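Trainee: okay, sequence plus prediction incoming.
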Amino acid sequence: MIKTLILVCCLGLLSFAQQQKPRIYIIGDSTVRNSNEQFWGWGSLLSEFLDTAAISIENHAMAGRSTRTFRKEGRWHRVDSLMKPGDYLLIQFGHNEGSTPDTSRQGYRGVLRGIGQDSVVLHWADGQQEVVRTYGENIRRFVREAKQKGVTPIILSMIPRNQWDESGRVKRADQDFGLWAKQIAEQEQVGFINLNEITAAKYDRLGPALVKKTYFPGDHTHTNYEGARENAASVAEGIIVTNSPLKKYIKP
């Protein structure tokens, strides 16, 4: 009888500890979560750099999604229903936002550019109406809704593509989506990891030929395992450099 009570108590304490352990929820696109075959996303490998005995990770990113469709398809509702006070939210979008928003297949993912609060209303063939906002406003809404639940949001700029300018440097996103991500982080007073710059600086040192050979087997956007692991390492570096509250979970 005593042994049974001890076992029940131990199981109860273990369950309580698991419930109390904070979680990192990650939302984003295919560069964050992919098939893990030819292409990988960095969110699948972030656990290699964190103490998962102290904090757990749930990667809810989905290939092909933008800030608009991630919410429209109910994916954000799912994440929002799971988060609890003390958790963390990592947000990285930007690769699928660029088309003009309309009701065509091409425009399904598109958002308005910038960080303003302007919007357009789309009228779908089934009679539904959709309000399409700016990239920045979509990020802002994720941040504010996470804060309301006692969750700590951290915004990341999108990983760089394997694209180079005439000077031999990787093209940055510091004039559009990377800039807008940073501006929203500043306005909302939340953490910002300049993942775009951290990884781009690594690519600059390697050069175009080696970056292509080492990290980009199929196209200029999606990395292989090695590239995703390098981006996950960049996230860990950003956590340290920005003195994020996640810093205490980084493996020594």
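Mentor: Sure, I can see it.
Trainee: residue 35 - that's part of a helix, no?
Mentor: No - when DSSP: H, G, I helix; E, B strand; the rest coil is applied, residue 35 is found to be coil, with no helix at that position.
Trainee: what is the neighbour count of it?
Mentor: The local packing of residue 35 (other CB atoms under 10 Å) involves 12 other residues. C-beta: built from backbone N, CA, C; applies to glycine.
Trainee: show me where the protein has helices.
Mentor: Applying DSSP state H to the chain gives helices spanning 2-20, 67-72, 75-82, 135-148, 177-188, 195-206, 208-215, 225-241.
Trainee: single out the most deeply packed of the ones you listed.
Mentor: Most buried of the helices of the chain, by mean neighbour count (mean count of other CB atoms under 10 Å): helix 67-72, with a mean of 22.
Trainee: mean confidence score for that helix?
Mentor: Helix 67-72 shows a mean pLDDT of 98.
Trainee: Provide a list of residues in contact with residue 71.
Mentor: By CB atoms under 8 Å, 6 or more residues apart in numbering, the contact set of residue 71 is 77, 138, 141.
Trainee: include distance to residue 90 when you put the helices of the chain into TSV, please.
Mentor: Formatted as TSV, the helices of the chain follow (distance: least, CB to CB, whole Å):
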stretch	distance to residue 90
helix 2-20	20
helix 67-72	13
helix 75-82	11
helix 135-148	10
helix 177-188	12
helix 195-206	10
helix 208-215	21
helix 225-241	8
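Trainee: the bottom helix or strand of the protein by mean pLDDT?
Mentor: helix 2-20 (a mean of 49; mean pLDDT, DSSP states H and E).
Trainee: which of the contacts of residue 71 sits closest to residue 183?
Mentor: When the contacts of residue 71 are ranked by distance to residue 183 (CB to CB), residue 138 comes first, at 13.3 Å.
Trainee: quick one: the closest one from residue 25, how far?
Mentor: Remark: distance between residue 138 and residue 25 (CB to CB, to the nearest Å) = 16 Å.
Trainee: before we move on, what about residue 239?
Mentor: In terms of CB to CB, residue 239 sits 15 Å off from residue 25.
Trainee: what's the answer for residue 175, then?
Mentor: From residue 175 to residue 25 the distance is 29 Å (CB to CB).
Trainee: between these two, who's got more neighbours?
Mentor: Counted by other CB under 10 Å, residue 175 and residue 25 do not tie: residue 25 has more neighbours, with 23 against 9.
Trainee: in this structure that one contacts residue 87, no?
Mentor: Yes - the pair residue 25 / residue 87 is scored as a contact, 6.3 Å apart, by CB atoms under 8 Å.
Trainee: need the residues touching each of these two.
Mentor: Common neighbours of residue 25 and residue 87 (CB under 8 Å, 6+ apart) are residue 151.
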